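**Q** The following block contains a protein sequence and its predicted model.
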Amino acid sequence: MSKTVLVVDDSASMRMMIGHTLAQAGFTVLEGGNGQEGLDRLTGKKVDLIITDLNMPVMDGIQFISGVRAKREYKFTPVLMLTTESQGEKKQAAKAAGATGWLTKPFNPEQMLAVIAKVLP
Amino acid sequence: MDLDLSRFSQSFFEEAAENAATIESSLLELERSGGDRECLHRIFRAAHSIKGGSGTFGLDALQHFTHAMESLLDRLREGTMATTPELVGLLFRACDGLRRLLQAATAGDLSDAGTAPLLRELLATAAPIEIEPPAAVPDSGELSRPLERRRRVYDIRFVPDQGIFQRGLDPVLLLRDLAALGAMQKCEVQLRGLPPLAEVDPEVCYIGWQLELSTESDESAVRDIFSFVEDTSQIEVSERPTAGSAAVAAPSDAARGGASGLAHATSSAAATAEQLAAPTAGLPAAAPATSGTGGRVPPTKAAAATLRVSVEKLDELVNLVGELVIAQSVISHALEEGTNADALARMREAVAEMERHTRELQERVLSVRMVPIGTVFNRFQRLVRDLGQQCGKRITLHIAGEETEMDKGIVEQIADPLTHLIRNAIDHGLETPSDRLATSKHEVGTLRLTASHQGGSVVIEVADDGRGIDWQRVRDKGVARGLLQPGASVTEEQLRELLFAPGFSTAAAVTDISGRGVGMDVVRRNVDALSGTLTMTSELGKGTRVRIKLPLTLAIVDGLTLRVGSRVFVLPLLAVVESFRPSREQLKTVLGSGEVVRVRSEPIPLARLYALLGLVPDQVDPCKALVVVVEAGSSKLGLLVDEIVSQGQVVVKSLETHYRKVDGIMGATILGDGQVGLILDIEALARRSAVDSLERSGAPLGPQALGRGSDIWQGVTHDGA
C-alpha cells in the first residue's frame, strides 16, 4: 500500500511541485493551503509523513505542528518543515513544537526525496 | 528523476509577480516610514519566496538576483546597515530588475536580462568584503572534497534526547542510514538511562548507542546523518587513527579553511574588485552548464491569461450545475410520461427551478471573473513617487475603494487610461512646492484615486488639488487651432469637449510645461471601448477631477430594448437617464446645433436614430414617437425611437468576430424571440450626431467624418441569416 504524505503550503506552485514529485515517486498526496486546512485533513486516516511550510496565513507552520502533535493518531508522524537558511529562529521554534526535520529551500526533487527517505521507515 | 516542471511554472510566475508587487508596495511604505522593520520583513519574505521557487524551477539568473537582494535586505534587517534613501532607491531599481528577469523568464529567456550591473551593485552594497559568488548550488563544497577513496573507521556515540519519538523520529532509522554508508562493525546498546520497568514511559527514549562504522565516506557525510538531531542529542564522531593516514586526513578540513581565510585577509582592493565582477561574468556561462539538473523550465509560449479562483467559488458552481442536471432529468422524465396534468405540473416546477439556478449560475460565473481593482491601483504608488521626483513635486497619493471588484478584463484595460490621467495630473495639474506655497496651498500636493460601486457600475475618480484648467486659455487655443470660431458663444461643456479632440494638447493649452502631449482623446477612446463614460470637472486654482464610470462586466449588459421601424436595438441601461414623449413646446431647432428637446429647461440635442442609422421609422414626428435621454460622456443626448420594448439583461456577442467593427454599434445580442438586436454605442452615436448637426449648420467638419449606417444592415442581415 502506498504511503500517504500531507503537503501544507500556501504557495500553490510549491504544493504542485512537491505533490507531483511525490506522486511520481509513488506516494499518495493530500494537500492543505495553510495550517488550518492541514489540520482539517488529519481526520484519523493513516498519514505517513507531513511536509509543511512555516510562513502561512491563517495558521502558520509552528501552530500547525503543535496541532499535529496534539492529535493522538499523529503524535509520532514525521513532520518535515520547509525552511531557508535565514529562518534559524523559526526553525528552532518549529523543532520545539515537534518538527522532525527540515528541507531547506530551494531544493530539487532529488534532494527532497533524499530527505524524505531519512525520516520514513 | 526526470521531471517536467514546466506545467507548474505558470503558477510560479503568477506568484512571483505578486511577490514583486508586494516588494514594490512595501518599499514605498518603507520609504514613507523611514525603515519600518515589518516592511523589511515583508520585502525579505517576498524576495525569499521568489528565490525558493526559482531555484526549484532552475531559473538561475533569478535565483542569483533574489539571493543578492536578500543579502542586502538581511543587512538592513539586522541593522548592520542603515535604511538610507540611496539604499531604498537601489532596492526600487532591484525590484524593476526583478520584474525584467521575471518577464524574460516567462518568455523562456533564461539570460540575466541585462541585470548584471544591478546584481553587481547589490552584491557590492550588501557585502563589500564578501568576494565569493552567491552559492548557486548549496552543496558546492562537494567539488572541493578530496577525491581520495579511503576506508576509515569511526567510533560513534549517539545518545538521542528523550523526546526524540515525540518529534516523529525513530532513532533506528538513523542507524539504518549509517549502516548504508559502509559496514557497521559494532552496535552496542547503552541502557544506563533506563528506569525500572514500572516507571518506563513508552513514549520516551532512554537508550543510546555506541557504534563502530567502517566506511569510505568522510566525517561530514557521517555527521550529515544526524543533521536533524545534532543539536538535541549527544553525538560524538571520531575517526580511529589508522597507520599513516591520520596526519593527512584529519587536518584537511582545517587546512582548507585556513588557506581560504588567508586569501581573504591578503586580498588587495584590486583583487576584490576583480572578484566582485567575477560572479556576474560567470553567470551566463553557468546557466547552460547546470542544465542537467532537472527542474529547468523550458522556453514557454506567450503566457496564457489565467485567473485564480477560490475553491469555494468553484464548489458553488459545481453545486449549481448539479442542481441544473437534476432539474433537467426531471424534465426528461416528465417528457417521457407524456402530457398528463401531473407530468406537466412537475415539468413546470422543474423549469422554474432551472430558471432560478441558471440565473444564479450566471451570477456566480460572472463573480469568478471579478477581481479587486486594488491590483491596478497599487501600482500607481510607485508611478506617483517616481514622477513626483522627476518633476520635483511633492505628492501624496490617497487610494480608496481598492477592494471594489470588477471584471478582470476591465481591470486590466483600465490601467492604461488611469496611468495617462495620473501622469497628466502630476505633469500639468499639480504645482511645484514653491508654487503651491505661493498660492497658500500646502506644499505637498494631493492626488486621490478612488473606486466605488454605484448601482450596477463602478465609478473611478482621479482628482488632484492642483492648478486646475484655465478655460479661457483652452478657448484661445481652440480658436487658434480653428476648432472654434472667434467670438462664438461656447458653453463650458463644448470647451471640455475640446480637451478630448484628437491632437489637442492639454499641456500647451493649460500649462506652460511642454508636456508629452498626453492625449485625452486616447483616454476617452479607451474608456469608450470598455463601454464606460468619462467626465471631467475642473476649477481654476482648485484642481481637476476626472470621473470614469464603467460597467461591472462586459459579458452581460443591463439593457433597454427599443424599436425603430422594423429593427430592434439595445441601449446599455447604464447610460439611460429617462424617456418620455415630448410635447410640441419642448422641441426647438437651434441655429448651429440642430434640433434640441428641452427637459426641465435644459436643452438636450435630439438625434433621430432612424436618420443616423438609415432606417424607415413608424413615426417621423417626435411628438408621436419617444425620446430616450442618454448620457454620452459629459453631455446628454436625446434619441428618437418608435417604441420601448422591454428592459432586461442581454448577453453581449462581439460583432467584430462575426462580422466586422461597425461604428455606432458595440455588439449584438440574441433576443428572447431569436431576433438579433444590435447594442448601441452611445458615445459613437453622440459623436456622429454632433457631426451631423455641425454639417447642417455649415461648421467645419472634423477629420473623423463617419460613414453612413446603411451598410450595417447588409452585415447584420447576413449574420442573422
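**A** Happy to help now that I have it.
**Q** any residues touching stretch B:332-340, and which ones?
**A** With contacts defined as CB atoms under 8 Å, 6 or more residues apart in numbering or on different chains, stretch B:332-340 is touched by B:343-344, B:346-347, B:350. From N, CA and C alone the C-beta is placed, and that goes for glycine too.
**Q** Does at least one residue of the helix or strand of chain A at the bottom of the mean pLDDT ranking sit close to chain B?
**A** The least trusted helix or strand in chain A, going by mean pLDDT, DSSP states H and E, turns out to be helix A:88-97, with a mean of 82. Yes - under the criterion of CB under 8 Å from any CB of the partner chain, chain B is reached by helix A:88-97 at A:K95.
**Q** circling back to that earlier point, quick one: which of the contacts of stretch B:332-340 is nearest chain A?
**A** Relative to chain A, the closest of these is B:A350; by CB to the nearest CB it sits at 36.1 Å.
**Q** Pretty sure the closest one sits against B:I331.
**A** Yes - between B:A350 and B:I331 there is a contact under CB atoms under 8 Å: 4.9 Å.
**Q** What's opposite B:G667 in the beta bridge?
**A** For B:G667, the beta-bridge partners under DSSP bridges are B:I679.
**Q** Which pLDDT does the model give the residue of chain B found nearest chain A?
**A** Nearest to chain A in chain B, going by CB to the nearest CB, is B:G55, at a distance of 2.3 Å. Among the per-residue scores, B:G55 holds a pLDDT of 74.
**Q** Help me confirm that it comes into contact with A:P106.
**A** Yes - contact criterion CB under 8 Å: B:G55 and A:P106 qualify, at 2.3 Å.
**Q** out of the two, which sits in the busier spot?
**A** Taking other CB atoms under 10 Å in any protein chain shown, B:G55 and A:P106 do not tie; B:G55 has more neighbours (23 against 20).
**Q** any idea how far A:T104 is from that one?
**A** Taking CB to CB, to the nearest Å as the measure, B:G55 falls 10 Å from A:T104.
**Q** Would you check that B:G677 makes contact with B:G667?
**A** No - here B:G677 lies out of contact with B:G667, judged by CB under 8 Å, at a distance of 9.7 Å.
**Q** how close does whichever residue of chain A sits closest to chain B sit to A:D48?
**A** Closest to chain B within chain A is A:P106: 2.3 Å, counting by CB to the nearest CB. For A:P106, the distance to A:D48 equals 25 Å [CB to CB].
**Q** And B:G114, by the same measure?
**A** Distance from B:G114 to A:D48, by CB to CB: 47 Å.
**Q** in chain A, which helix has the most residues?
**A** The single longest helix within chain A, with elements called by DSSP state H, is helix A:12-24.
**Q** residues contacting the spatially most central residue of chain A?
**A** In chain A, the C-alpha nearest the mean C-alpha coordinate belongs to A:I51, at 1.2 Å (CA atoms, centre = their mean). A:I51 is in contact with A:5-9, A:18, A:79-82, A:103, A:116, counting by CB under 8 Å, 6+ apart.
**Q** Of those, which belong to helices?
**A** Per DSSP H, the subset of these in helices is A:18, A:116.
**Q** Which member of the contacts of A:I51 is positioned nearest B:P85?
**A** A:L82 (35.2 Å; CB to CB).
**Q** Spatially nearest residue to the closest one, not counting backbone neighbours?
**A** A:D53 (4.7 Å; CB to CB, 6 or more residues apart in numbering or on different chains).
**Q** Quick one: neighbours of that neighbour, just the number.
**A** 27.
**Q** cool, B:P160 as well?
**A** By other CB under 10 Å, neighbour count at B:P160 equals 23.
**Q** Might one say that it is in contact with B:G193?
**A** No - between B:P160 and B:G193 there is no contact under CB under 8 Å: 10.5 Å.
**Q** who touches both of those two?
**A** Contacts common to B:P160 and B:G193, judged by CB under 8 Å, 6+ apart, are B:G208.
**Q** returning to that earlier point: what's the overlap in contacts for B:G55 and A:P106?
**A** Contacts common to B:G55 and A:P106, judged by CB under 8 Å, 6+ apart, are B:Q63.
**Q** Which secondary structure element is home to the residue nearest to the centre of chain A?
**A** Following DSSP states H and E, one finds A:I51 within strand A:49-53.
**Q** Now do stretch B:15-24: distance to the chain's middle.
**A** Chain-centre distance of stretch B:15-24: 9 Å, with CA atoms, centre = their mean, to the nearest Å.
**Q** With stretch A:7-24 instead?
**A** Chain-centre distance of stretch A:7-24: 10 Å, with CA atoms, centre = their mean.
**Q** thinking again about what came up before, direction included, what does the strand holding A:I51 pair up with?
**A** strand A:4-8 (parallel), strand A:79-83 (parallel).
**Q** one step back: give me the angle between the longest helix of chain A and strand A:4-8.
**A** Following axes from the mean of the first three to the mean of the last three CA atoms, to 10 degrees, one obtains 170 degrees for the angle between helix A:12-24 and strand A:4-8.
**Q** Tell me which other helices or strands the helix or strand just after helix A:12-24 touches.
**A** Where DSSP H and E defines the elements, the next helix or strand beyond helix A:12-24 is strand A:28-32. Packing partners of strand A:28-32 (3 or more CB pairs under 8 Å, 6 or more residues apart in numbering or on different chains; DSSP states H and E): strand A:4-8, helix A:12-24, helix A:35-41.
**Q** now the second one and strand A:28-32, what's the angle there?
**A** If you take the same axes, to 10 degrees, helix A:12-24 sits at 160 degrees to strand A:28-32.
**Q** which residues touch helix A:12-24?
**A** A:5, A:7, A:9, A:29, A:31, A:33, A:51, A:53, A:82, A:109, A:112-113, B:1, B:3, B:5, B:8-9, B:11-12, B:14-15, B:52-53, B:56, B:308.
**Q** Go through it and flag the buried ones.
**A** Neighbour counts over helix A:12-24 (16 or more other CB atoms under 10 Å in any protein chain shown) mark A:12-22 as buried.
**Q** what pLDDT, on average, does it get?
**A** 86.
**Q** so B:R436 is in which element?
**A** helix B:433-438.
**Q** Report the mean per-residue pLDDT for the helix or strand that that helix is followed by.
**A** Next helix or strand after helix B:433-438 toward the C-terminus (DSSP H and E): strand B:445-454. Taken as a whole, strand B:445-454 has a mean pLDDT of 90.
**Q** Return the distance of the next helix or strand after strand B:445-454 from the chain's centre.
**A** Moving toward the C-terminus from strand B:445-454, the next helix or strand (DSSP H and E) is strand B:457-464. Taking CA atoms, centre = their mean, one finds strand B:457-464 lying 19 Å from the centre of the chain it belongs to.
**Q** just stretch A:4-14 next, same as before
**A** Distance, centroid of stretch A:4-14 to centroid of chain: 7 Å (CA atoms, centre = their mean).
**Q** Spell out which residues sit in contact with the residue nearest to A:L82, please.
**A** A:8-11, A:14, A:61, A:81-82.
**Q** Checking the residue of chain A closest to chain B next. Helix, strand or coil?
**A** Counting by DSSP: H, G, I helix; E, B strand; the rest coil, the backbone at A:P106 sits in coil.
**Q** State the distance from the residue nearest the centre of chain B to B:T561.
**A** Central residue of chain B (CA atoms, centre = their mean): B:T375, 5.0 Å from the mean position. Separation of B:T375 from B:T561 (CB to CB): 35 Å.
**Q** Same question for B:A221.
**A** 79 Å.
**Q** So for those two, which sits in the more crowded spot?
**A** Taking other CB under 10 Å, B:A221 and B:T561 do not tie; B:T561 has more neighbours (21 against 14).
**Q** In chain A, where is pLDDT below threshold?
**A** Applying pLDDT under 70 to chain A picks out residues A:1, A:85-87.
**Q** Isn't B:L540 up against B:R473?
**A** No - using CB under 8 Å, B:L540 is not in contact with B:R473, being 9.8 Å away.
**Q** Tell me the most packed of the contacts of A:I51, by neighbour count.
**A** A:V8 (30 neighbours).
**Q** how many neighbours does the closest residue to that one other than its chain neighbours have?
**A** Of all residues not flanking A:V8 in the chain, A:G38 sits nearest, at 3.7 Å (CB to CB, 6+ apart). Other residues near A:G38 number 27, with proximity taken as other CB under 10 Å.
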